[in-house]
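>>> Need a 3D model of the sequence below.
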Amino acid sequence: MASGGNTISSGGGLTDRYAAALYSHASDQHALDAVLAEMDKLGELIDTSADMRRLLGSPLVDVNTAQKAARAVLEAQGFGKIVQDFVGVVASNRRLTALRAIVAAFAALVAEKRGVVVAEVATAQPLSEVQEQQLRARLIEAGYGNVNIVKSVDPSLLGGLVVKIGARLYDTSLKSRLQRLQYAMKGAA
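Next up is the predicted model:
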């Protein structure tokens, strides 16, 4: 996931199927790197544009209007035919609300196929360059060789960080520490 306040989420069957279909099509067209770059750009567009998020999340917009609007935005932003067509299919299948999750699932699938481990990292404050390098070094020490760190900011964590790598979750956030302390105090009372 790209930054933008998104919480760490797990992939679902629907998003995985769409991601796999796009991966297969992009591979067949020998355009995987270009599509990956455009999907990353699409994720950033969704994260930074309130108008785009409203379009994707509105149940009031009919399918044809949503499809035309999404295509117009993508064309104006310089997206290629493969990504435009893909978003058109997602829109026609009434799945625009899942588009951001599909973008994330596609990035994770490409990383997996290329042997890159994706570490989703949520922090209360944005990581500095030094902190990110230290985290990468710790992950390499832990046996995760080729790591792609996907950062997000979640102020509710208060401090510390939450790292998700595949099914593993490492939670050193202040929020979870306070919750554990609260449970321990309830048990002692």
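>>> what helices or strands is the helix or strand harbouring residue 27 leaning on?
Residue 27 belongs to helix 13-28 when assigned by DSSP states H and E. Packing contacts for helix 13-28, counted by 3 or more Cβ pairs under 8 Å, 6 or more residues apart in numbering; DSSP states H and E, involve helix 32-48, helix 81-92, helix 99-113. (Each C-beta comes from the backbone N, C-alpha and C, glycine too.)
>>> Would you mind finding the most buried of those?
Counting by mean count of other Cβ atoms under 10 Å, helix 99-113 has the highest mean neighbour count of the helices and strands packed on helix 13-28, with a mean of 22.
>>> looking at the helices and strands packed on helix 13-28, which is closest to residue 75?
The minimum distance between residue 75 and these falls on helix 81-92, with 6.4 Å, by Cβ to Cβ.
>>> Just the CA atoms of that closest one, as PDB, please.
C-alpha atoms of helix 81-92 as PDB (Å, rounded to 0.1, in the frame of the first residue of the first chain):
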ATOM      1  CA  LYS A  81      -4.500   1.300 -22.800                       C
ATOM      2  CA  ILE A  82      -4.000  -1.800 -20.600                       C
ATOM      3  CA  VAL A  83      -4.700   0.000 -17.400                       C
ATOM      4  CA  GLN A  84      -7.500   2.100 -18.900                       C
ATOM      5  CA  ASP A  85      -9.200  -1.100 -20.200                       C
ATOM      6  CA  PHE A  86      -8.600  -2.900 -16.900                       C
ATOM      7  CA  VAL A  87     -10.200  -0.100 -14.800                       C
ATOM      8  CA  GLY A  88     -13.000  -0.200 -17.400                       C
ATOM      9  CA  VAL A  89     -13.600  -3.900 -16.700                       C
ATOM     10  CA  VAL A  90     -13.500  -3.300 -12.900                       C
ATOM     11  CA  ALA A  91     -16.100  -0.500 -13.400                       C
ATOM     12  CA  SER A  92     -18.400  -2.500 -15.600                       C
END
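>>> Show me how far it is from its chain's centre.
Taking Cα atoms, centre = their mean, to the nearest Å, one finds the center of helix 81-92 at 18 Å from the center of the full chain.
>>> for stretch 136-147, same thing?
Worked out by Cα atoms, centre = their mean, stretch 136-147 lies 20 Å from the chain centre.
>>> With stretch 119-134 instead?
Remark: stretch 119-134 is offset 16 Å from the chain centroid, using Cα atoms, centre = their mean.
>>> got the buried residues for it?
119, 120, 121, 122, 123, 124, 127 (16 or more other Cβ atoms under 10 Å).
>>> circling back: dump the helices and strands packed on helix 13-28 to TSV, plus distance to residue 133 and mean pLDDT.
Output for the helices and strands packed on helix 13-28, formatted as TSV (distance: least, Cβ to Cβ, whole Å; pLDDT from 0 to 100):
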stretch	distance to residue 133	mean pLDDT
helix 32-48	21	92
helix 81-92	32	94
helix 99-113	20	89
